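**Q** Please work out how this folds:
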Amino acid sequence: MARDIGIAAEGSGFSGVALAHNTRSREDVDAVLKEAEQAGGSIVRAAAEQFWGGYAGCFADLDGHLWEIS
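**A** The predicted model follows:
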């Protein structure tokens, strides 16, 4: 999971858990990531086409929890 997100499995604070939020469109993915960043979250992986055929990106919220938006 860490490799998929693009972070180190050890030493990054990654707990092995990522929360997921599914949207209806690519535009919604971009909008949610933008809103998260504006609220103080950090983009961990910019939204992009995924190997499984979807479109997703990840951010860390203010508490360090990872979210995948797809």
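**Q** Return the distance of the longest helix along the chain from the chain's centre.
**A** Of all the segments of type helix in the chain, defined by DSSP state H, the longest one is helix 26-38. Computed by Cα atoms, centre = their mean, to the nearest Å, the chain-centroid distance of helix 26-38 equals 10 Å.
**Q** Export only the CA atoms of that helix, formatted as PDB.
**A** Extracted C-alpha coordinates of helix 26-38, given in PDB (Å, rounded to 0.1, in the frame of the first residue of the first chain):
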ATOM      1  CA  ARG A  26     -12.400  12.800 -12.300                       C
ATOM      2  CA  GLU A  27     -13.400  16.400 -11.900                       C
ATOM      3  CA  ASP A  28     -14.700  15.500  -8.400                       C
ATOM      4  CA  VAL A  29     -11.400  13.800  -7.500                       C
ATOM      5  CA  ASP A  30      -9.600  17.000  -8.500                       C
ATOM      6  CA  ALA A  31     -12.100  19.100  -6.500                       C
ATOM      7  CA  VAL A  32     -11.800  17.000  -3.300                       C
ATOM      8  CA  LEU A  33      -8.000  17.100  -3.500                       C
ATOM      9  CA  LYS A  34      -8.000  20.800  -4.000                       C
ATOM     10  CA  GLU A  35     -10.400  21.400  -1.100                       C
ATOM     11  CA  ALA A  36      -8.300  19.100   1.100                       C
ATOM     12  CA  GLU A  37      -5.100  21.100   0.300                       C
ATOM     13  CA  GLN A  38      -6.900  24.400   0.900                       C
END
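**Q** following that helix, which helix or strand shows up next?
**A** Under the assignment DSSP states H and E, the closest C-terminal helix or strand after helix 26-38 is strand 42-49.
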